[in-house]
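K.L.:
Sharing a model that was predicted from the sequence below.
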Amino acid sequence: MKHDHMLHTALYAAREAGTILQHHLGALREIEIKHDQEFNLVTEADRNAELRIVDILLTAFPDHGILGEEGGKQNTSAAYKWLIDPLDGTTNYTHAFPIFSISIALEFNGELQLGVIYDPIRDEMFSAQRGKGAFLNGRRIRVSETTRIEKAMLVTGFPYNIRENPDFCYERFIGFLKEAQAIRRLGSAALDCAYVAAGRLDGFWEVSLQPWDKAAGHLLIEEAGGRVSDFSGAEHDIYKLPFLASNGRIHDHMLRILEEAKSLIISMKERG
């Protein structure tokens, strides 16, 4: 029952943040660059949405910790810790491109307990609670039943430093491009995860995601019957970068593609 109350509070906070994002959409006054990275943007909408989320959560649970993308870090050693991305898909948002989301997750002693991903444009609220399944607007969702990679529609994203080709981004993308039915790039990792959980997409990989990008999505996919790992197939740690998620049925094939692409480029470099 305690976690039920926490979930309802997170759902409320996500909707409040969604209202803020819709208010600013198409009427931004400030767009800034973060950490001297040209393509890593932040707006007043991000900041205002995070402030509202944090206010709601700490009013309800003042002893909880906060880890937010836009600098909301408080009491991060607390047993309960919220991971918040107030605007996942900022580049889309700055162009008034209507694919973005809010992501809120809760850890207890390092284990994910609940996750919420909200798309305010479509009014789609994805939610999961450990051991209780995954839902979209209150209806249970499940991952797809696709068993063959050539029938799979996959999704990926690229890090802000894509030009440096971290962790063989290009080669791995080409590897999937050759074998999957289709690949999409939505621009919101949280929605990528939500769509895998809902069976709209069959798999997702990305080389560099922060904890707040994927925490809620990680739990959603697992509770929807999918599989999450790192690029070696080991258990995924949300505080480490590589992320692979699927319906489970094509996961091993995706792992092979990731490894083959990496091995190919390494052998080419060694041959000079």
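P.N.:
Sure, I can see it. Numbering: from 1, shown residues only.
K.L.:
rest of the way, CA atoms for contacts and neighbours
P.N.:
Will do.
K.L.:
Show residues contacting the lengthiest helix in the chain.
P.N.:
The helix that spans the most residues within the chain, counting by DSSP state H, is helix 2-24. By Cα atoms under 8 Å, 6 or more residues apart in numbering, the residues outside helix 2-24 that reach it are 45-46, 48-50, 52-53, 56-57, 60, 86-87, 101-104, 113-121, 125, 129.
K.L.:
what do you get if the cut-off is 6 Å, keeping everything else the same?
P.N.:
Applying Cα atoms under 6 Å, 6 or more residues apart in numbering, the external contacts of helix 2-24 come out as 45, 49, 53, 120.
K.L.:
which residue ranges form the strands in the stretch 51-200 of the chain?
P.N.:
Assigned by DSSP state E, counting those that start in this stretch, the stretch 51-200 of the chain shows strands spanning 65-68, 73-74, 80-88, 101-108, 111-119, 124-129, 134-136, 139-140, 153-156, 182-184.
K.L.:
Quick check: buried residues in the last one?
P.N.:
Buried residues in strand 182-184, counted by 16 or more other Cα atoms under 10 Å: 182-183.
K.L.:
Sheet partners, orientation included, of it?
P.N.:
strand 153-156 (parallel) (DSSP bridges).
K.L.:
and what of the fourth one?
P.N.:
The strands that strand 101-108 pairs with in its sheet are strand 80-88 (antiparallel), strand 111-119 (antiparallel) (by DSSP bridges).
K.L.:
Include mean pLDDT when you put those strands into TSV, please.
P.N.:
Conversion of the strands paired with strand 101-108 to TSV gives the following (pLDDT from 0 to 100):
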stretch	mean pLDDT
strand 80-88	96
strand 111-119	98
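K.L.:
Quick check: E50 is in a strand.
P.N.:
No: in this structure, E50 is helix, not part of a strand, as judged by DSSP: H, G, I helix; E, B strand; the rest coil.
K.L.:
mind listing what the nearest residue to it once chain neighbours are set aside touches?
P.N.:
Leaving aside its chain neighbours, E50 sits nearest to P86 (5.1 Å; criterion: Cα to Cα, 6 or more residues apart in numbering). By Cα under 6 Å, 6+ apart, P86 lies in contact with 46, 49-50, 102.
K.L.:
Torsion angles phi and psi at the closest residue in space to T147 that isn't next to it in sequence?
P.N.:
Sequence neighbours aside, R249 is the residue nearest to T147 in space, at 5.2 Å (criterion: Cα to Cα, 6+ apart). For R249, the backbone dihedrals (degrees, to the nearest 10) come out as phi -70, psi -30.
K.L.:
what's around R249, how many residues?
P.N.:
Other residues within reach of R249, judged by other Cα atoms under 10 Å, total 19.
K.L.:
hey, which helix or strand in the chain has the poorest pLDDT?
P.N.:
Every helix and strand in the chain was compared by mean pLDDT, DSSP states H and E; the lowest is strand 31-33, with a mean of 56.
K.L.:
re the thing from before, got JSON lines for the strands paired with strand 101-108, with distance to D213 too?
P.N.:
JSON lines is the format used below for these (distance: least, Cα to Cα, whole Å):
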{"stretch": "strand 80-88", "distance to D213": "6"}
{"stretch": "strand 111-119", "distance to D213": "10"}
